[in-house]
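Student: Sharing a model that was predicted from the sequence below.
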Amino acid sequence: MATLLEVKGIYKSFGGHEVLKDVNLKIEELTIHALIGPNGAGKTTLLNIINGIERADRGNIYLLNMDITNYTVEARVRVGLARTFQLLEVFSGLTVLENILTALFAKNPWGIIKSMLFGERFHPIEGQLKKRALEYLEFVNLSHRADEEVQNLPAGEQKLLEIARALALEPKILLLDEPAAGLNNRETRILGEILKKICREKGITILLVEHDMELVMRVSDLITVLNFGEVLAEGPPTLIQKDPRVIKAYLGEDF
Ligand SMILES: Nc1ncnc2c1ncn2[C@@H]1O[C@H](COP(=O)(O)OP(=O)(O)O)[C@@H](O)[C@H]1O
Ligand SMILES: [Mg+2]
């Protein structure tokens, strides 16, 4: 299997406080790779550096061996990185379908400009985009909500919508920051099934930052544990669950 994303020797400080120290990570193609660790361990900061919102002080990010360290956020989206955030990031005031269309428009701005400039002649483009938007909704079991205003959806469905919107960018890798936060058990189970489906059926690799250990253990191929900005351990769920260092730093004796 090929390495899709490589994080090499990443350091990051905020005002003299070292948040990431020589972090190295290899994410293999077509896997679900979880990143876990206590609050403040640096997980969100690492995601921010991978997707370009933050710059590392040192170190490099590679996508399929291509150095993307100096790429802008938009350039990273174009080469195949998409993410969702720790807090819900849906566009309220728009319908569920319109939320997906914003991503498709972002991916295909020239098509939209043409349809505006040339009017009806290019209307088929709009119909085509709507059809594709509906397919993404179908994939996360939300097509019955297409015309609903986003703010009327429960948290679990808003999270699925956010994921569908990221999928519409057709990424190679999807970065998820605590997607199960605020979801109940049932919503979390559904989320887990959809994550596996994204990986298996769409061939999209996932980097999953998550506190819900049941979800992490159920869906992950490999787990990296971050503690005080350093990689503490890495391995498959069965080994990580039993690792005394991980239990001491994060999971607790009762896990
Ligand atoms: N923009 C920032 N400015 C200053 N400190 C920050 C900033 N972002 C994160 N931090 C600090 O970096 C540490 C790691 O935070 P974060 O990456 O959010 O951890 P996690 O996601 O693992 O909970 C924390 O101590 C946090 O307060
Ligand atoms: Mg975080």
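Tutor: Okay, I see it. Residues are numbered from 1 along each chain as shown. Ligands and ions are numbered 1, 2, ... in the order given.

Student: which residues in the protein form strands?
Tutor: 3-14, 17-28, 32-36, 58-63, 66-67, 81-84, 173-177, 205-209, 222-227, 230-235 (DSSP state E).

Student: what is the mean pLDDT for the shortest one?
Tutor: The one in question is strand 66-67. Across strand 66-67, the average pLDDT comes to 98.

Student: Enumerate the residues of the chain near ligand 1.
Tutor: By C-beta under 6 Å from any ligand atom, the residues of the chain that approach ligand 1 are 14, 19, 37, 39-45. Every residue, glycine included, has its C-beta placed from N, CA and C.

Student: Which among those count as buried?
Tutor: Restricting these to buried positions leaves 19, 37, 41-45, with burial counted as 16 or more other C-beta atoms under 10 Å.

Student: Ser13: what's it in contact with?
Tutor: Contact analysis of Ser13 by C-beta atoms under 8 Å, 6 or more residues apart in numbering lists 19, 57.

Student: sorry, back to before: now, which of the buried ones among the residues of the chain next to ligand 1 sits nearest ligand 2?
Tutor: Ranked by distance to ligand 2 (C-beta to the ion), those are led by Thr44 at 3.2 Å.

Student: picking that back up, Serialize the strands of the chain to TSV and add fields for distance to Lys248.
Tutor: Compiled in TSV, these are given as follows (distance: least, C-beta to C-beta, whole Å):
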stretch	distance to Lys248
strand 3-14	24
strand 17-28	19
strand 32-36	14
strand 58-63	27
strand 66-67	36
strand 81-84	30
strand 173-177	25
strand 205-209	21
strand 222-227	10
strand 230-235	10
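
Student: hey, least reliable of the ones you listed by pLDDT?
Tutor: Mean pLDDT is lowest for strand 81-84 among these, at a mean of 88.

Student: Now do that one: distance to the chain's middle.
Tutor: Counting by C-alpha atoms, centre = their mean, to the nearest Å, strand 81-84 is centred 5 Å from the centre of its parent chain.

Student: Direction included, what does that strand pair up with?
Tutor: Sheet partners assigned to strand 81-84 using DSSP bridges are listed as strand 173-177 (parallel).

Student: lowest confidence element among the helices and strands of this structure?
Tutor: helix 109-118 (a mean of 59; mean pLDDT, DSSP states H and E).

Student: I'm done for today, thanks for sticking with me.
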